[in-house]
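Trainee: Fold the following.
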Amino acid sequence: MTAQRVLVCTSDGQSAIFRMDPEHTRAALARAPAGLPPIEFVFRDIDAPDFAEVLQDCIALVGWMIPNETIRTVRGALRLIQLSGAGVDHLAPFDWLPPGVSLCNASTIHGPKLQEWSVMVLLMLHAQIPHFITAQRAQLWSKRHTSTIAGTTAMIFGTGGLGQAVARAAKSLGMITIGVRRTPGPATSFDAVIGQEEAELRLGEADVVVLTLPLTAQTRGRADAAFFSRMKPEAGFVNFGRGGLVIEADLIAALEARRLCGAVIDVTDPEPPPAGAPIWNAPRLVITPHVSCDDPATYVPDVLDLLLDNVGRLVEGRALRNVIDLARAY
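Mentor: Modelled structure (predicted):
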């Protein structure tokens, strides 16, 4: 059987944790299940002059920063673009995507790390750690006493892979979990899933509000002044999605007015914030530099396992995993 060629996109600016090399691909093929068609990996920098020529013979490509304008011209064997991350907003609008090519993300691989990270963040907010950090900087001995976290409520915007990881963390702590998505209905690890309009009315029920949404035209600026004003006084706020989901000036104002007990954000807009940006000095705010979901030991192997599974599904005519609904992606 002729080998299916897969192109690995490389870039000089790529962080080491996300960089794929031949050793990674050999290990992935060695652990792949029996029955997978023969696969040949080829590597090209996204700026390579022969990128389009090489891609003509490849059934799939994998990467994060991909040369979408070059891909626009390809009419060869390509049928799958497997992104090595969860977000797709950096590639919108998607008019460059050739007909018949599926775009898939890697949202399902982040769960174990984000679940563990979420336990830490939920406990930090409940225990008022952002308050103590701010007090320490001001050399204040400012006590806050808290009860145990069990029985408190987490409202999680987004019920996909990231949202479910946060929900699992919350359930492990004995919390009540309310998910928010377009269509209400059951979802794994959530006690209830409600729609956007109902969520607006029930924001005041949540002891902590968590964003795991993708960034689209509909979700940009989702957490604004009105959003924070409807939250329960002294509730906590978390953003694991994208920085553009939050109006940062409104978040800062809510923290300064003590509307919130504290906030933890793993994403900003832009990343990193420029020197001197007000977000750096907001009270009771903990900023982590977009590291909540990425396990250096497992990230690349998990992406490659997902890729190989999808290539196998593609060849066999089965449904792919993590296909992006382009109508809702921007």
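
Trainee: Can I get the longest helix along the chain in PDB, CA atoms only?
Mentor: Selection of the longest helix in the chain by residue count, based on DSSP state H, yields helix 299-316. Written as PDB, here are the backbone C-alpha positions of helix 299-316 (Å, rounded to 0.1, in the frame of the first residue of the first chain):
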ATOM      1  CA  TYR A 299       1.800  17.700  24.500                       C
ATOM      2  CA  VAL A 300       3.500  16.700  21.200                       C
ATOM      3  CA  PRO A 301       2.900  13.000  21.600                       C
ATOM      4  CA  ASP A 302      -0.800  13.600  22.300                       C
ATOM      5  CA  VAL A 303      -1.200  15.800  19.200                       C
ATOM      6  CA  LEU A 304       0.500  13.200  17.000                       C
ATOM      7  CA  ASP A 305      -1.700  10.400  18.400                       C
ATOM      8  CA  LEU A 306      -4.800  12.600  17.600                       C
ATOM      9  CA  LEU A 307      -3.400  13.300  14.100                       C
ATOM     10  CA  LEU A 308      -2.700   9.600  13.300                       C
ATOM     11  CA  ASP A 309      -6.200   8.600  14.600                       C
ATOM     12  CA  ASN A 310      -7.700  11.200  12.300                       C
ATOM     13  CA  VAL A 311      -5.600  10.100   9.300                       C
ATOM     14  CA  GLY A 312      -6.800   6.500   9.900                       C
ATOM     15  CA  ARG A 313     -10.400   7.700  10.100                       C
ATOM     16  CA  LEU A 314     -10.000   9.800   6.900                       C
ATOM     17  CA  VAL A 315      -8.600   6.800   4.900                       C
ATOM     18  CA  GLU A 316     -11.400   4.600   6.200                       C
END
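
Trainee: Which other helices and strands does it contact?
Mentor: If you count contacts as 3 or more CB pairs under 8 Å, 6 or more residues apart in numbering; DSSP states H and E, helix 299-316 packs onto strand 4-10, helix 22-31, strand 60-63, strand 80-83, strand 102-104. In this view, the C-beta of every residue, glycine as well, is placed from N, C-alpha and C.

Trainee: For H110, which of the ones you listed is the nearest?
Mentor: Distance to H110, taken as CB to CB, is lowest for strand 80-83 among the helices and strands packed on helix 299-316, at 12.5 Å.

Trainee: Show me how far that closest one is from its chain's centre.
Mentor: Distance, stretch centre to chain centre, for strand 80-83: 16 Å (CA atoms, centre = their mean, to the nearest Å).

Trainee: Same question for stretch 194-206.
Mentor: That offset, for stretch 194-206, works out to 22 Å (CA atoms, centre = their mean).

Trainee: Give me the distance between the two termini of it.
Mentor: From its first residue to its last, stretch 194-206 covers 13 Å (CA to CA, to the nearest Å).

Trainee: For that stretch, the averaged confidence score.
Mentor: Mean pLDDT, stretch 194-206: 96.

Trainee: picking up where we left off before, would you mind listing the buried residues in the longest helix of the chain?
Mentor: Under the neighbour-count criterion of 16 or more other CB atoms under 10 Å, helix 299-316 has 299-312, 314 buried.

Trainee: Now do it against helix 22-31, angle only.
Mentor: Interaxial angle of helix 299-316 relative to helix 22-31 (axes from the mean of the first three to the mean of the last three CA atoms, to 10 degrees): 50 degrees.

Trainee: Helix 299-316 vs strand 4-10, what angle?
Mentor: Going by the same axes, to 10 degrees, helix 299-316 makes 150 degrees with strand 4-10.

Trainee: Numbering from 53 from now on, please.
Mentor: In the new numbering, first residue 53, that becomes helix 351-368.

Trainee: can you list contacts of helix 351-368?
Mentor: If you take CB atoms under 8 Å, 6 or more residues apart in numbering as the criterion, helix 351-368 is touched by 56, 58, 69-72, 76-77, 79-81, 83-85, 87-89, 91, 111-112, 114, 131-132, 134, 136, 154, 156, 158, 160-161, 370-374.

Trainee: let's go with 6 Å and repeat that
Mentor: 69, 72, 76, 80, 84, 88-89, 112, 114, 131-132, 134, 136, 158, 161, 372-373 (CB atoms under 6 Å, 6 or more residues apart in numbering).

Trainee: List only those of the residues you listed flagged as buried.
Mentor: 72, 76, 80, 84, 89, 112, 114, 131-132, 134, 136, 158, 161, 372-373.

Trainee: hmm, back to that, select, out of the helices and strands packed on helix 351-368, the one closest to D347.
Mentor: With CB to CB, the closest approach to D347 among the helices and strands packed on helix 351-368 belongs to helix 74-83: 14.3 Å.

Trainee: Let me know the next secondary structure element after that closest one.
Mentor: Per DSSP states H and E, the first helix or strand lying C-terminal to helix 74-83 is strand 91-97.

Trainee: Run through the strands of the stretch 103-252 of the chain in chain order.
Mentor: Using DSSP state E, counting those that start in this stretch, the strands of the stretch 103-252 of the chain run over 112-115, 132-135, 154-156, 205-209, 228-232, 244-246.

Trainee: Output these in TSV, with distance to L175 appended to each entry.
Mentor: Below are the strands of the stretch 103-252 of the chain laid out as TSV (distance: least, CB to CB, whole Å):
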stretch	distance to L175
strand 112-115	36
strand 132-135	32
strand 154-156	34
strand 205-209	12
strand 228-232	15
strand 244-246	23
